[in-house]
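Asks: 3D model of this:
(one chain, ligands or ions: 1)
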Amino acid sequence: MNNNNKIKIRALGLSSGGLDSILSALLLQKQGIEVAWITFKTPFFSTDSSIKASKQTGIPLIIKDITEIYMEMLKFPPAGYGKNMNPCMDCHALMFNQAGLFMRPNGYDFLFSGEVVGQRPMSQKKNSMNYVEKHSGFKGEILRPLSAKLLPATIMEQQGLVDREKLGSITGRSRKVQIEMAKEFGVTDYPPPAGGCLLTDPNFSRRLKDLMQVQKSYSKRDLYLLKYGRHLRLDDKIKIVVGKSEGDNNRIEKLYKPDRDILIRHAFLAGPLVLIPDGAILTNDSITEIDNIRQAGSICAGYTKTEHGESAKIVVISRAKQSEITVYAQDSKTFQNLVI
Ligand code: SF4
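Replies: Numbers count the residues shown, from 1 in each chain. I've put the predicted structure just below:
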């Protein structure tokens, strides 16, 4: 077979959109391998950087929403959580598993990622990489081009699909080598390393834990709501989401479901939009529902310019009907214990 008829080797990379993802793909491209990326969507991390990297490099990108399967893993990650609700090792294993399941039927020969040995505290030490590989279900089929020479040869290297000599031996947290490589490849615009995963954020993690432990059942929308405003728990079924800014109010309004939720705001004054997710369907008796609405209304008024203890007119939108009630504005100190 001459070179023109050579079968093209195709590799599928996990993309974070960061410099390491970009360089690992370019290193493979340089030795004639056709590369594509896959990135995963959940309420916890965004696909924006990967989309940007794909546009910049021309490398095709597949986006897959894995929220459901991710939430199953997040309940009991076998390797545990990091400092917050981040199950980094099982998160990586799951992503490689999902990428691997996509790889075979779509004609890719192996997986790769921009991981660098010893770069991150939990997920990129050699032991962690072994764990991830073993639990992904694709042992020996995951190449880390930037650190490959420091790791056992993968099946692809052994079979000669990839030239190991042309791969990297980068280790540790310094970015020096990568920055040099970026210059050589002419890559100038890339996002800063790490960051961006809400599961590493203590505030977000507290809310998520509350949702998973107290509420037991929740929807994808409830997960997205965790990103915005203040969250106050009134009881084991009901919590309220209070916008902290105009941006929050807009996002909360976008996530509002008219057939299920209750929406509350001051009738005249600027202030927060308060959402009671599923508030219109969670309580069977109207007295509890009215109590919840009155409490949420007092809290809402407490965040406006109304003097604490003064009366305030509040608009309540529930089951497509709008009504007005009068409540007393509550001092935020009195409901701090409800903040999640
Ligand atoms: S930081 Fe977040 S996205 Fe990254 S491995 Fe950990 S849990 Fe997964």
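Asks: Run a quick neighbour tally on the closest residue to the ligand within the stretch 201-340 of the chain.
Replies: Nearest residue of the stretch 201-340 of the chain to the ligand (CB to the nearest ligand atom) works out as residue 201 at 9.9 Å. Every C-beta, even on glycine, is put in place using the N, C-alpha and C of the backbone. Neighbours of residue 201 under the rule other CB atoms under 10 Å: 17.
Asks: if I look at the spatially closest residue to it that is not a sequence neighbour, how far off is the ligand?
Replies: Spatial nearest neighbour of residue 201, chain neighbours left out: residue 84 (6.6 Å); criterion: CB to CB, 6 or more residues apart in numbering. Remark: distance between residue 84 and the ligand (CB to the nearest ligand atom, to the nearest Å) = 9 Å.
Asks: Mind checking what secondary structure residue 84 has?
Replies: Three-state call for residue 84 (DSSP: H, G, I helix; E, B strand; the rest coil): coil.
Asks: Point out the residues in the chain that sit beside the ligand.
Replies: 45, 86, 87, 88, 91, 92, 123, 197, 199, 200 (CB under 6 Å from any ligand atom).
Asks: from these, which single one is nearest residue 253?
Replies: residue 45 (23.8 Å; CB to CB).
Asks: which residues of the stretch 151-300 of the chain fall in strands?
Replies: Ranges of strands in the stretch 151-300 of the chain, per DSSP state E, counting those that start in this stretch, are 230-233, 239-242, 262-266, 274-276.
Asks: Mean pLDDT and mean neighbour count for those strands - can I get that in a markdown table?
Replies: Output for those, formatted as a markdown table (pLDDT from 0 to 100; neighbours: other CB atoms under 10 Å):
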| stretch | mean pLDDT | mean neighbour count |
| --- | --- | --- |
| strand 230-233 | 97 | 20 |
| strand 239-242 | 97 | 26 |
| strand 262-266 | 97 | 24 |
| strand 274-276 | 98 | 27 |
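Asks: circling back to that earlier point, which phi and psi values does the residue nearest to residue 201 adopt?
Replies: phi -120, psi -140 (degrees, to the nearest 10).
Asks: ok, which stretches of the stretch 101-250 of the chain are helices?
Replies: 126-136, 155-158, 176-185, 202-210, 220-225, 246-255 (DSSP state H, counting those that start in this stretch).
Asks: ok so, going back, so how far is residue 163 from the residue of the stretch 201-340 of the chain closest to the ligand?
Replies: 41 Å (CB to CB, to the nearest Å).
Asks: Skipping adjacent residues, who's closest to residue 79 in space?
Replies: The shortest distance from residue 79 to any non-neighbouring residue, by CB to CB, 6+ apart, is to residue 89 (4.0 Å).
Asks: quick revisit: what separates the residue nearest to residue 201 from residue 204, distance-wise?
Replies: 8 Å.
Asks: now swap in residue 251 and tell me
Replies: Look at residue 251 and residue 204: by CB to CB, they are 14 Å apart.
Asks: still on that earlier bit, as CSV, the helices of the stretch 101-250 of the chain with mean neighbour count, distance to residue 318 and mean pLDDT would be great.
Replies: Listed next are those as CSV, based on neighbours: other CB atoms under 10 Å; distance: least, CB to CB, whole Å; pLDDT from 0 to 100:
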stretch, mean neighbour count, distance to residue 318, mean pLDDT
helix 126-136, 18, 46, 88
helix 155-158, 18, 59, 97
helix 176-185, 14, 54, 95
helix 202-210, 17, 24, 97
helix 220-225, 18, 17, 96
helix 246-255, 15, 15, 97
